[in-house]
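In: Below: sequence and its predicted model.
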Amino acid sequence: MKHLSYITLVAILYGCAVPQPKFYPVDNQEFTVSKISKNLPFSKNQLYLKSNYWVVDYFTNPKEVIQYSDKEEGVIKGIYKNYFLDLQFTIQVKDSTAQIDFKPRKQLSVNEKGKTEIVPMLKRKIQILILSYHKKMQEE
């Protein structure tokens, strides 16, 4: 019994002695991005359909991504999650104009390696999403 108590005590002390990595909050503004496409040769209806097609083409399971859509308002809201980032996106369309916005749903914290590798990768991923949407809105 004493032997088991000794092992447990050593395990607890060792667990406390192992340094824990430090995590730093990332400014959510770094991931809050908006892109407006103006002077598009399409009606609100056409842009709404194009936006819907973009969601269907881009995301693996669009039914899980889209949280709200209203054709009359010209609005689609959804959630994009990847391993590190949980973003809400909003698409708003009207005649000849389409806008897509991304903003984080919760605070992101990263370790030292994350600041140099993860954050830039996530920013590139958002830019890829925006460019993909913008390109889809310009297609005939």
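Out: Happy to help now that I have it. Residues are numbered from 1 along each chain as shown.
In: Residue 79 falls within a strand, correct?
Out: Yes. With DSSP: H, G, I helix; E, B strand; the rest coil as the criterion, residue 79 is located in a strand.
In: ok, now how distant is residue 101 from residue 126?
Out: For residue 101, the distance to residue 126 (C-beta to C-beta, to the nearest Å) stands at 11 Å. C-beta: built from backbone N, CA, C; applies to glycine.
In: got any residues that touch both of the two?
Out: In the contact map built from C-beta atoms under 8 Å, 6 or more residues apart in numbering, the residues linked to both residue 101 and residue 126 are residue 33.
In: ok, these two, which is more surrounded?
Out: Counting neighbours by other C-beta atoms under 10 Å for residue 101 and for residue 126 shows that residue 126 has the greater number, 20 against 17.
In: ok, the more buried one - contacts?
Out: Residues near residue 126 by C-beta under 8 Å, 6+ apart: 31, 33, 87, 102.
In: same deal with residue 112?
Out: For residue 112, the contact set (C-beta under 8 Å, 6+ apart) comprises 21-22, 24.
In: just to revisit the earlier point, in strands, which of the contacts of residue 126 appear?
Out: Among the contacts of residue 126, the members falling in strands (DSSP state E) are 33, 87, 102.
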